[in-house]
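Asks: Predicted structure and sequence below. I'll ask about it afterward.
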2 protein chains.
Amino acid sequence: MAPPSDDSGPLGAAEAGAISKVLIVIAMQTEALPLVNRFRLVEAAAQESIFPKGAPWIRYHGEYKGLHIDLVWPGKDPVLGVDCVGTVSAALVTYASIRSLKPDLIINAGTAGGFKAKGAVIGDVFLASDVAFHDRRIPIPVFDMYGIGARKTFATPNILKELNLKVGKLSTGDSLDMPPHDESAILSNDATIKDMEGASVAYVADMLSTPAIFVKAVTDIADGEKPTAEEFLQNLIAVTAALDKAVTEVVDFVSGKCISDL
Amino acid sequence: MAPPSDDSGPLGAAEAGAISKVLIVIAMQTEALPLVNRFRLVEAAAQESIFPKGAPWIRYHGEYKGLHIDLVWPGKDPVLGVDCVGTVSAALVTYASIRSLKPDLIINAGTAGGFKAKGAVIGDVFLASDVAFHDRRIPIPVFDMYGIGARKTFATPNILKELNLKVGKLSTGDSLDMPPHDESAILSNDATIKDMEGASVAYVADMLSTPAIFVKAVTDIADGEKPTAEEFLQNLIAVTAALDKAVTEVVDFVSGKCISDL
């Protein structure tokens, strides 16, 4: 087994043997806490923080079935007190966590809107095959493709074979609503689910050569009749339980395996 | 130019408090290169990079009038070859640069769209008094304010007194175009100029308690007749010269001063 080196990066180290470090990236406290309890994680003490002073980001960590698990979420806005959702915070906390923790695998878990026209139902849990942005429109050749930022996620055929997860493309944007411009971009991304972080986490993970998978549970139907915010808040707690179960199954599956076994 | 004044005496405080490290954050190579030449900066060698392997970010550095200047831009997308514009890349490169370089002052310089209804003319250079996002709509109480992320920039009354810069509010979004829902959000932000990075740089700078100012030159009229992309590309080179001149004047002003003198 080759010793991990900075040059070979996290992927190089993971390929050499069983997965040992899993980083779970979550946007909201409500989504994070069931998993913190499930994996019996503890919050990292302030004096051992891997994050700089001023960053509201929170890390929980612990051992679970032979894996070292770190779970990070971007915390609460220090002025407004709400979860720091969206692409910028997700990118930053993912970046800082990869740099410090050098995980073998990232699991970005969270809730999402689903499209009934593509078969999504409330409570479904998806593994995203692809991610893209739907609110970065730059109508200059090539810049347009950069804005969309479509990329395949790390392929996990064995997870899909083993677990009862749906597969679909994920589209990411910084808004909870969906005006016509966003809807047509989401359609053009061929997305079954939409969230506010995934493509941003994928961008950073790819940049730092860290395999990342995206487990997303449907809280609201984006092409349905009900207002998104209302439906989202109504279903958040219940759907978080489905998300919790799915992430636990994924982590159980990952335990003892190599990256190439996923 | 008046020497830095300080109540605690002519020596000591002025010396201890003088700005020594300035970080210039720029989104596009075309905007960056004139300043690289102007300040006679050199590109940091790969082996002395402060950035991780895989990040396309580029740093230039050098000494200029008693200041150590670092100029960073997010580089080119490794697959598509275009500048990594937008909020996510800007946030990441700003974060990584502050963490490594611990600058005394950040100058986010770049081009912007301007609103003629608010008095903007092509070639104008603005110092932003406030920043906010216009494409992060989260219609849940308090989350809505988090999404907009309005904040005052670091106040520099003496720069404004000394230099011939306009003042206005800056609104940031990840798209170059402006559909109706963005336009109404920009209006609601009371913005005179719009860009694709400012509020994101401000967010990170604030988080890490680093004073940041925003120097933005108008390449296109957002509420005008011409298509934005066309007008932007047509004026980019010429307006970059105005930006170059303004940033140089700001840096000349900063030289030898304390943060509280700005």
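Replies: Structure's in. What do you need?
Asks: Just the buried positions in stretch A:195-212, please.
Replies: The neighbour-count check on stretch A:195-212 (16 or more other Cβ atoms under 10 Å in any protein chain shown) flags A:195-208, A:210-212 as buried. Placement of C-beta: from N, CA and C, glycine included.
Asks: Which members of those residues additionally contact chain B?
Replies: Among the buried residues of stretch A:195-212, the ones lying near chain B by Cβ under 8 Å from any Cβ of the partner chain are A:200, A:203-204, A:207-208.
Asks: nearest to B:Thr248, of these?
Replies: A:Met207 (32.2 Å; Cβ to Cβ).
Asks: okay, and for the stretch 1-150 of chain A, where does confidence drop off?
Replies: Residues of the stretch 1-150 of chain A meeting the criterion pLDDT under 70: A:1-16.
Asks: All the strands of it, residue numbers only.
Replies: For the stretch 1-150 of chain A, the strands defined by DSSP state E, counting those that start in this stretch cover A:21-25, A:42-43, A:58-64, A:67-73, A:105-114, A:125-133.
Asks: roughly how far is the second one from the heart of the chain?
Replies: What it means is strand A:42-43. 20 Å (Cα atoms, centre = their mean, to the nearest Å).
Asks: Show me what it pairs with in its sheet, parallel or antiparallel.
Replies: strand A:58-64 (antiparallel) (DSSP bridges).
Asks: Buried residues in the strand it pairs with, which are they?
Replies: Buried-residue list, strand A:58-64, by 16+ other Cβ under 10 Å: A:58-61, A:64.
Asks: Stretch A:179-195 too?
Replies: A:181-182, A:185-186, A:189, A:191-195.
Asks: do the same with stretch A:78-89
Replies: So for stretch A:78-89, counting by 16+ other Cβ under 10 Å, buried means A:82-89.
Asks: One more: stretch A:111-118?
Replies: Buried-residue list, stretch A:111-118, by 16+ other Cβ under 10 Å: A:111-115, A:118.
Asks: which bits of the stretch 151-262 of chain A sit near chain B?
Replies: With the criterion set to Cβ under 8 Å from any Cβ, the stretch 151-262 of chain A comes near chain B through A:174-177, A:179-181, A:200, A:203-204, A:207-209, A:229, A:232-233.
Asks: From the residues you listed, pick the one nearest A:Asn164.
Replies: A:Phe232 (23.7 Å).
Asks: Run through the neighbouring helices and strands of the helix or strand containing that closest one.
Replies: Taking DSSP states H and E as the criterion, A:Phe232 maps to helix A:228-254. With contacts taken as 3 or more Cβ pairs under 8 Å, 6 or more residues apart in numbering or on different chains; DSSP states H and E, helix A:228-254 sits against strand A:21-25, helix A:29-38, strand A:67-73, strand A:105-114, strand A:125-133, helix A:157-162, strand A:212-221.
Asks: highest average neighbour count across those?
Replies: Most buried of these, by mean neighbour count (mean count of other Cβ atoms under 10 Å in any protein chain shown): strand A:105-114, with a mean of 27.
Asks: circling back: among the ones next to chain B among the buried residues of stretch A:195-212, which are in helices?
Replies: Per DSSP state H, helices hold the following members of those: A:200, A:203-204, A:207.
Asks: Those: which two are farthest apart?
Replies: Greatest spatial distance among these (Cβ to Cβ): A:Ser200 and A:Met207, at 11.0 Å.
Asks: Let's see the pLDDT reported for A:Pro227.
Replies: The pLDDT attached to A:Pro227 in the predicted structure is 81.
Asks: I'd like the distance between it and B:Leu187.
Replies: Per Cβ to Cβ, to the nearest Å, A:Pro227 is found 24 Å from B:Leu187.
Asks: neighbours of the residue lying closest to A:Gly114 once chain neighbours are set aside, just the number please.
Replies: Distances taken as Cβ to Cβ, 6 or more residues apart in numbering or on different chains place A:Ala120 nearest to A:Gly114, at 2.7 Å, with adjacent residues excluded. Using other Cβ atoms under 10 Å in any protein chain shown, the number of residues around A:Ala120 comes to 26.
Asks: Please apply the same query to A:Glu230.
Replies: With other Cβ under 10 Å as criterion, A:Glu230 counts 12.
Asks: One more: the one 3 residues further on?
Replies: Using other Cβ under 10 Å, the number of residues around A:Leu233 comes to 14.
Asks: Same check on A:Pro56?
Replies: Going by other Cβ under 10 Å, the residues that sit close to A:Pro56 add up to 17.
Asks: Check the gap between it and A:Gln29 for me.
Replies: Taken as Cβ to Cβ, the span from A:Pro56 to A:Gln29 is 11 Å.
Asks: And A:His181, by the same measure?
Replies: Taking Cβ to Cβ, one finds A:His181 at 30 Å from A:Gln29.
Asks: Repeat that for A:Asn37.
Replies: From A:Asn37 to A:Gln29 the distance is 12 Å (Cβ to Cβ).
Asks: same deal with A:Leu208?
Replies: 25 Å.
Asks: Now for the residue nearest the centre of chain A: which residues touch it?
Replies: Residue closest to the mean C-alpha point of chain A, counted by Cα atoms, centre = their mean, is A:Asn108 at 1.9 Å. A:Asn108 makes contacts with A:24-26, A:90, A:94, A:197-198, A:201-202, A:212-215, as judged by Cβ atoms under 8 Å, 6 or more residues apart in numbering or on different chains.
Asks: A:Thr156: which of the residues you listed is nearest?
Replies: A:Ile213 (5.8 Å).
Asks: what's A:Leu35 in contact with, if anything?
Replies: A:24, A:26, A:41, A:71, A:109, A:244, A:247-248.
Asks: In a markdown table, list those along with distance to B:Val167.
Replies: Below are the contacts of A:Leu35 laid out as a markdown table (distance: Cβ to Cβ, whole Å):
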| residue | distance to B:Val167 |
| --- | --- |
| A:Ile24 | 44 |
| A:Ile26 | 40 |
| A:Leu41 | 48 |
| A:Leu71 | 44 |
| A:Ala109 | 44 |
| A:Asp244 | 50 |
| A:Val247 | 49 |
| A:Thr248 | 54 |
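Asks: quick check, nearest of these to B:Ser255?
Replies: Closest approach between these and B:Ser255, by Cβ to Cβ: A:Ile26, at 45.2 Å.
Asks: Residue numbers of the stretch 1-150 of chain A in contact with chain B?
Replies: A:6-7, A:9, A:52-56, A:77, A:80-88, A:91-92, A:95-96, A:99, A:133, A:135-140, A:142-143, A:145-147.
Asks: Tell me which of those fall in helices.
Replies: Going by DSSP H, the helices hold A:9, A:87-88, A:91-92, A:95-96, A:99, A:143, A:145-147 from the residues of the stretch 1-150 of chain A next to chain B.
Asks: Would you write a ChimeraX line that selects the buried entries of these?
Replies: Of these, the buried ones can be selected in ChimeraX as follows, counting by 16+ other Cβ under 10 Å:
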select /A:9,87,88,91,92,95,96,143,146,147
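Asks: possible to save the ones in helices among the residues of the stretch 1-150 of chain A next to chain B as TSV with distance to B:Leu160?
Replies: Formatted as TSV, these follow (distance: Cβ to Cβ, whole Å):
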residue	distance to B:Leu160
A:Gly9	46
A:Thr87	33
A:Val88	28
A:Ala91	33
A:Leu92	31
A:Tyr95	34
A:Ala96	35
A:Arg99	38
A:Phe143	33
A:Met145	40
A:Tyr146	35
A:Gly147	34
